[in-house]
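Engineer: Need coordinates for the below:
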Amino acid sequence: MIILILLATAAFIVFVYLFMTANDNLTTALINCNIENQEEIVLKSQIELNMLLEAIKREKERDGKADKKKIKKGRRVKAKIDSAQKLRASYEKGKISVLDIIPLAGYRLIQMLGWDSSTPMVKNLFNKCIQYKEKKEAMNYTVYLIATLFGDLLFGFVVGMIGLVIAMGAGLGGRSVIVALLGIGIFGFMGYLPYDAVNTTITKRKEEIEDEFPQVVSKVTLLTVAGMEVSRAWKLASASGTGTLYEEMNRVNIDLENNVPPVEAYSKFLRRCNNTYTTKLATAIIQNTQKGNSEIVSLFKSLNNESWLEHKHNARRKGEKIQGKLTFPTMLLFLGIIIMIMVPAMSGFNF
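Structural biologist: Residues are numbered from 1 along each chain as shown. A predicted model of the protein is given here:
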């Protein structure tokens, strides 16, 4: 029992030491990452709100009234924006919450380990984050995720050891180990969840962009064939649907409205989408912006045909994949039916 108390005390002291020795640079890094996270929430929510407002406006012009569900959703999105802006303002003043103590200890642990961008774990996670974030934001977010993971694991160990001591003192015996593992597991899972969510985000973004691109390029092609300027066609196409690709297109619109050079705005789109066809689309538009391109409509038509053909292939591959997954359950079902038929039949025979 004394050993357990000493171990719990030591774990607590280590955690407190890491938190207390975290310097201002580490605190600033944590605050900057949280500010960037809140800014990302504001931007995504603002795009969603703008698209809702456009939809409501079209409904009013067409039907004379708007869908109440859209209005309520718009209010929720507005409340989300206000909450994120309030939290961002708090971080900008240098304030951190109680929950930020945990990742701050993780930041200090990373510093003590001497980890940097060349460390395999950091490098691997950074290569994933940069697929949907800017380079600086991706590195800040990478370190934040690892710091959160380490901090939660360490804090979970502290909670687990304290819980073990209390449970042993209460006479729970062997069940005390369950209490310790529960404490470590809960906080470890909380730290691992955002870390693992990066893989889910990348996979989801890739699939959505692949599915949405043929529709988007068809709209852009149709509008440019009709004689519309590329920038105007882009803006109209971006407002015609919802999803990851439409969101990224709206980010370009926001950058252009904020006087970001078109080449830079479309280059950001190119990097964030990281798809063969979006790269071709963005490259063609950048070339058209820089030098002009009389063949831009022909390029759009070609890209439209290619993307729809690839979309058909992807749909077939997904169907084959789903069919493969259903093979084993189908066999089990077939076996169950045979058993249901054979058992009563065999029971009727006398041997």
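
Engineer: contacts, neighbours, all on C-alpha from now
Structural biologist: OK.

Engineer: avg pLDDT for the helix or strand L299 falls within?
Structural biologist: Assigned by DSSP states H and E, L299 falls within helix 296-347. In this model, helix 296-347 has an average pLDDT of 75.

Engineer: What is that helix packed up against?
Structural biologist: Judged by 3 or more C-alpha pairs under 8 Å, 6 or more residues apart in numbering; DSSP states H and E, helix 296-347 is in contact with helix 176-225, helix 276-290.

Engineer: Name the next helix or strand downstream of the first one, please.
Structural biologist: Proceeding N to C from helix 176-225, the next assigned helix or strand is helix 230-238, under DSSP H and E.

Engineer: For that next one, name the packing helices and strands.
Structural biologist: helix 176-225, helix 244-257.

Engineer: Return the set of buried residues in that helix.
Structural biologist: Within helix 230-238, the residues scored as buried using 16 or more other C-alpha atoms under 10 Å are V230, S231, A233, W234, K235, A237, S238.

Engineer: Just the closest of the residues you listed to T278, please.
Structural biologist: Using C-alpha to C-alpha, W234 comes nearest to T278 of the buried residues of helix 230-238, at 12.7 Å.

Engineer: What residues does that closest one make contact with?
Structural biologist: W234 makes contact with V220, M249 under the criterion C-alpha atoms under 8 Å, 6 or more residues apart in numbering.

Engineer: Can you tell me the element R272 falls in?
Structural biologist: Assigned by DSSP H and E, R272 falls within helix 262-273.

Engineer: just checking, what packs against that helix?
Structural biologist: Judged by 3+ C-alpha pairs under 8 Å, 6+ apart, helix 262-273 is in contact with helix 244-257, helix 276-290.

Engineer: gap between the residue lying closest to L53 once chain neighbours are set aside and R251?
Structural biologist: Spatial nearest neighbour of L53, excluding adjacent residues (C-alpha to C-alpha, 6 or more residues apart in numbering): G74 at 7.7 Å. Look at G74 and R251: by C-alpha to C-alpha, to the nearest Å, they are 19 Å apart.

Engineer: ok, now K68?
Structural biologist: Distance, K68 to R251, by C-alpha to C-alpha: 27 Å.

Engineer: if you count what's nearby, which of the two comes out ahead?
Structural biologist: Shown here are K68 and R251; by other C-alpha atoms under 10 Å, R251 has more neighbours (20 against 10).

Engineer: The more buried one: what's it in contact with?
Structural biologist: R251 makes contacts with I47, F269, as judged by C-alpha under 8 Å, 6+ apart.

Engineer: tilt between the helix or strand bottoming out on mean pLDDT in the chain and helix 176-225?
Structural biologist: In the chain, no helix or strand scores lower on mean pLDDT, DSSP states H and E than helix 296-347, which sits at a mean of 75. Angle between the axes of helix 296-347 and helix 176-225 is 140 degrees (criterion: axes from the mean of the first three to the mean of the last three C-alpha atoms, to 10 degrees).

Engineer: now helix 296-347, how far from the chain's geometric center?
Structural biologist: Here helix 296-347 is found 28 Å from its chain centre; the criterion is C-alpha atoms, centre = their mean, to the nearest Å.

Engineer: got the angle between that helix and helix 276-290?
Structural biologist: Using the same axes, to 10 degrees: helix 296-347 against helix 276-290 is 170 degrees.

Engineer: mind listing the helices for the stretch 1-150 of the chain?
Structural biologist: Counting by DSSP state H, counting those that start in this stretch, the stretch 1-150 of the chain has these helices, from start to end: 2-20, 24-63, 68-92, 101-113, 120-129, 135-169.

Engineer: How is the chain divided into domains?
Structural biologist: Listed by automatic domain parsing, the domain ranges of the chain are 2-170, 207-310.

Engineer: nearest to L333, of those?
Structural biologist: Each of the domains of the chain has some distance to L333 by C-alpha to C-alpha; the shortest is domain 207-310, at 31.2 Å.

Engineer: Name the residue closest to the centre of this structure, please.
Structural biologist: T201 (3.7 Å; C-alpha atoms, centre = their mean).

Engineer: Next one: that one relative to R175, how far apart?
Structural biologist: Using C-alpha to C-alpha, one obtains 38 Å as the distance from T201 to R175.

Engineer: what about the residue nearest to L125 when sequence neighbours are not counted, neighbour count?
Structural biologist: Nearest residue to L125 in three dimensions, chain neighbours excluded: T142, at 6.2 Å (C-alpha to C-alpha, 6+ apart). Other residues lying near T142 total 26 when counted by other C-alpha under 10 Å.

Engineer: Would you mind confirming that T142 makes contact with V122?
Structural biologist: Yes. With contacts counted by C-alpha atoms under 8 Å, T142 reaches V122, the gap being 6.7 Å.
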